[in-house]
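[1] Let me see the structure of the following:
(3 chains)
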Amino acid sequence: MTAFTALLARDMRIAIRVGGGALMGALFFLIVVTMMPFAVGPDLNLLARIGPAILWLGALLASLLALDRLFATDHEDGSLDLLMMGRMPLELAIAGKGLAHWLTTGLPLVVISPVLGLMLNVELKALGAVALTLAAGTPALTFIGLIGAALSVALRRGGLLLAVLVLPLTIPVLIFGVAAANAAILGGAAFGPPFTILCALSLASLVIGPFAAAAALRFGLE
Amino acid sequence: MALIDLANPTRFLRLVDRVLPWLAAATLIVFAFGLFQAMHAPDDYQQGATVKIMFLHVPAAWLGMMGWTLMSAAALGTLVWRHPLADVAGKAAAPLGAAFTFICLVTGSLWGRPTWGTYWVWDARLTSMLVLLLLYLGVIALYWTAEDPNRGSRAAAVLTLVGALNLPIIKFSVDWWNTLHQPASILRMGGSAIDNSILIPLLTMAVAFTLLFFTLHLAAMRNEILRRRVRTMQMMQAQALAEAAT
Amino acid sequence: MQLSAENLTCERGGRTVFSGLSFTVAGGEALTITGRNGAGKSSLLRMLAGLVRVADGRLVLSGGEAEATIAEQAHYLGHQDALKSSLSVRENLAFWTAYLGGAAEAVPAALEAVGLAPLASLPAAYLSAGQRRRLSIARLVAVRRPIWLLDEPTSALDVQSQDRLAGLMQTHLAGGGIIVAATHGPIGLAAPRELRLGQ
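    As a prediction, this is how the structure comes out:
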């Protein structure tokens, strides 16, 4: 087993065994989406119109949750030291951790988004498209989040710092994600451009995220 | 047999082994009876045969709420009387209550589709059930993420009681929230007035569901006791190996 | 193989922990670092492991792999054990073996060498402090790296485990390896050279 797959397997195994694993993020997503109608009212037409936005915000917040502990647990038990002494470049190791995070947190969000879309009266034909935009966009949320997670470990600060650092960086992903989802509901060719930009953002984050996070971790070395 | 006698896990396990087959058989019989009655019940003049989803939906709702009541009693047993099996009872009841609440929501959704045209509306009853499901999932998360079962059970017991106190408040708020926003159409889930031809199958199904709940509950309690024994044995093994000269 | 430090300076939290430190360690040799608490023993080891920035001075490894850094050719045994409680003993060791470039076949022998073979399937959460330490040491056995950086390696170990560790260290030195160990007392090496910090 290569170092990359070993790290990926380990992180996924831990995520699944500890703290409810994949389901916790999905549960939080469900709760956030449930709370929206309490705030805006049960008018189905209104909910249908803002449904994609609610789904995207919920996915964003749920993704952010598990990121907090991504590097912190390794830092606390001394694993981070050893991860930096491997043969594999640190950037690749971080990408592995990011992939594990997306598979155990982001992907479940994508999977249950159709059910939640149903509750928000999103049209059936659009449910698949909304899930597709989430599938394309949640990797970006994870990999941009890596940067914040690394910075908060490097600076020895936890909690809301991560959210404060990461959320502004995810604004483009949110904009194009919701735009693509709305375009899917209205139908027609308007889906293409925002969706491709969303994919581009995700692909760019796959590279920028690990490099920036590795730099942050090294910078945090005393 | 006094309740305190059941406090001994081994005796409890023996009791479960004796009682469970009978309970399971009774469940099957009453279910067969109830389904037969349900199939022969008259159709609703408005909704047709779909009204028969009620025979699943309403008992599931009752059991969802009964589950939380059972968990609250177990929580009191854990925190106040420190009955040894109370936390096992609570932990075993949580997924069952959640499952029945989930069945209630799904059947309600399927029932609503031909009636309302959508799979989901945010009406007071369904929404209350949804919040109940979220509370269940929260307690389950608490039980399963605690590394030490004893500490996790006490935390879950506290959350259960807080939830029990909160549920009437939540129900009231959700009802009030629903009246603030006039729904597009008046939704009635009860159908026409309940008369005997509907009531009797409904009650039979409710009894069947309750028997099912307790069958599964006892089996789940047995599983949990055995699971804890495995954990204890693993810990003893680790201890023994640590002390033995290697 | 030779590890040489020239004029090393370390700064942590704004203050200079040590400066102008120079030493060499050759293959087959052991160096113990002693000194009072806060003198910089751990910082020096972490600097050798590449985990602390070299503020001034040079660290040179000659005779090792040309393209690899010192960190990639060293094992670091710090105060923490780098173990995950939710994984079993075997899974923990297998992960580090794979990550650090060792062979999977080496895992059972490494567990045997530290006496943890009977506990292989047990979740790491059930281990005592001494057993966790031994599992960390197993990592050094499972993956061959020439340099061992040990920070108080005998802490939490009972006498038998300390003897076992001493045996492993002797084997490592006999094979041409380098050991740099920070310690408060003797760790079972026959007359190692000593570097005293904090004077």
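
[2] Tell me where the chain is predicted with low confidence.
    No chain specified, so I'll use chain A. Within chain A, the segments meeting pLDDT under 70 span A:1, A:19-21, A:188-189, A:221-222.

[3] wait, chain C
    In chain C (pLDDT under 70), the answer is C:199.

[4] Show me the helices in it, by range?
    For chain C, applying DSSP state H gives helices covering C:41-48, C:89-99, C:106-113, C:129-142, C:159-174.

[5] Any idea which of those helices gets closest to chain A?
    helix C:89-99 (3.6 Å; C-beta to the nearest C-beta). Backbone N, C-alpha and C define where each C-beta goes, glycine included.

[6] Is there proximity between the closest one and chain B?
    No. In terms of C-beta under 8 Å from any C-beta of the partner chain, no part of helix C:89-99 sits within range of chain B; the closest distance is 9.6 Å.

[7] And that helix, what does it pack against?
    For helix C:89-99, the packing partners by 3 or more C-beta pairs under 8 Å, 6 or more residues apart in numbering or on different chains; DSSP states H and E come out as helix A:3-17, helix A:79-83, helix C:106-113, helix C:129-142.

[8] Please state the offset of it from the chain centre?
    17 Å (C-alpha atoms, centre = their mean, to the nearest Å).

[9] returning to what we had before: which among the helices and strands packed on helix C:89-99 is found nearest to B:Thr118?
    Nearest to B:Thr118 among the helices and strands packed on helix C:89-99 is helix A:3-17 (34.8 Å), distances taken as C-beta to C-beta.

[10] Which positions within that closest one qualify as buried?
    Counting neighbours by 16 or more other C-beta atoms under 10 Å in any protein chain shown, one finds that the buried residues in helix A:3-17 are A:3-4, A:6-15.

[11] what about residue 134, is that helix, strand or coil?
    Since no chain was named, I'll use chain A. Here A:Leu134 is recorded as helix under DSSP: H, G, I helix; E, B strand; the rest coil.

[12] And A:Pro42, by the same measure?
    Secondary structure, three-state DSSP: A:Pro42 is coil.

[13] Give the closest residue to it in space, chain neighbours not counted.
    B:Trp122 (3.3 Å; C-beta to C-beta, 6 or more residues apart in numbering or on different chains).

[14] could you check the distance from A:Val18 over to chain B?
    A:Val18 is 7 Å from chain B, where distance means C-beta to the nearest C-beta, to the nearest Å.

[15] my guess is that residue meets C:Pro123, correct?
    No. Using C-beta atoms under 8 Å, A:Val18 is not in contact with C:Pro123; the gap is 11.1 Å.

[16] hmm, back to that, can you name the two of the buried residues of helix A:3-17 that are farthest apart?
    A:Ala3 and A:Ala15 (18.6 Å).

[17] need the residues of chain C near chain B, please.
    Residues of chain C lying near chain B (C-beta under 8 Å from any C-beta): C:85, C:115, C:118-119, C:122-123, C:125-128, C:130-131, C:160.

[18] hmm, which of those residues are the buried ones?
    Counted by 16+ other C-beta under 10 Å, these give C:85, C:115, C:118-119, C:122-123, C:125-127, C:130-131 as buried.

[19] Any chance of the residues you listed in CSV with distance to chain A as columns?
    Formatted as CSV, those follow (distance: C-beta to the nearest C-beta, whole Å):
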residue, distance to chain A
C:Ser85, 8
C:Gly115, 22
C:Pro118, 22
C:Leu119, 18
C:Leu122, 14
C:Pro123, 9
C:Ala125, 10
C:Tyr126, 14
C:Leu127, 13
C:Gly130, 17
C:Gln131, 15
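
[20] Just send those back as CSV, with distance to A:Thr104 too.
    CSV is the format used below for these (distance: C-beta to C-beta, whole Å):
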residue, distance to A:Thr104
C:Ser85, 18
C:Gly115, 35
C:Pro118, 32
C:Leu119, 28
C:Leu122, 24
C:Pro123, 20
C:Ala125, 20
C:Tyr126, 25
C:Leu127, 26
C:Gly130, 33
C:Gln131, 29
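
[21] re earlier: overlap in contacts of A:Val18 and C:Pro123?
    C:Ser86 (C-beta atoms under 8 Å, 6 or more residues apart in numbering or on different chains).

[22] Need the nearest residue in space to A:Ala48, chain neighbours excluded.
    A:Asn121 is the one closest to A:Ala48 (C-beta to C-beta, 6+ apart), at 4.3 Å.

[23] Sketch out the low-pLDDT regions of chain B for me.
    For chain B, the ranges with pLDDT under 70 are B:1-6, B:44-47, B:147, B:180-195, B:242-246.

[24] near chain A, which residues of it?
    B:109, B:118-123, B:127, B:130-131, B:134, B:137-138, B:141, B:144-145, B:174, B:177-178, B:180-181, B:183-184.

[25] Buried only: go through these for me.
    Buried among the residues of chain B next to chain A (16+ other C-beta under 10 Å): B:109, B:119-123, B:127, B:130-131, B:134, B:137-138, B:141, B:144, B:174, B:177-178, B:183.

[26] what's near enough to touch the closest residue to chain C within chain A?
    Using C-beta to the nearest C-beta, A:Gly78 is the residue of chain A that sits closest to chain C, at 3.0 Å. When contacts are counted by C-beta under 8 Å, 6+ apart, A:Gly78 touches C:78-82.

[27] Next, give me the two most distant ones among the residues you listed.
    Applying C-beta to C-beta across these, the maximum distance is between C:His79 and C:Ala82, 10.5 Å.

[28] who's more crowded, these two?
    C:Ala82 (22 against 9; other C-beta atoms under 10 Å in any protein chain shown).

[29] Now do the contacts for the more buried one.
    Contacts of C:Ala82 (C-beta under 8 Å, 6+ apart): A:77-79, A:81-82, C:96, C:136.

[30] Apply 7 Å and report the result again.
    A:77-79, A:82, C:136 (C-beta atoms under 7 Å, 6 or more residues apart in numbering or on different chains).

[31] C:Met47 too?
    C:8, C:10, C:54.

[32] swap the cut-off to 8 Å and go again
    Contacts of C:Met47 by C-beta under 8 Å, 6+ apart are C:8, C:10, C:53-54, C:59.

[33] what's the answer for A:Leu132, then?
    A:Leu132 neighbours (C-beta under 8 Å, 6+ apart): A:184, A:195.

[34] In JSON lines, list the buried residues of helix A:3-17 along with distance to A:Ile144.
    Listed next are these as JSON lines, based on distance: C-beta to C-beta, whole Å:
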{"residue": "A:Ala3", "distance to A:Ile144": "24"}
{"residue": "A:Phe4", "distance to A:Ile144": "21"}
{"residue": "A:Ala6", "distance to A:Ile144": "25"}
{"residue": "A:Leu7", "distance to A:Ile144": "20"}
{"residue": "A:Leu8", "distance to A:Ile144": "19"}
{"residue": "A:Ala9", "distance to A:Ile144": "24"}
{"residue": "A:Arg10", "distance to A:Ile144": "23"}
{"residue": "A:Asp11", "distance to A:Ile144": "18"}
{"residue": "A:Met12", "distance to A:Ile144": "21"}
{"residue": "A:Arg13", "distance to A:Ile144": "25"}
{"residue": "A:Ile14", "distance to A:Ile144": "22"}
{"residue": "A:Ala15", "distance to A:Ile144": "19"}
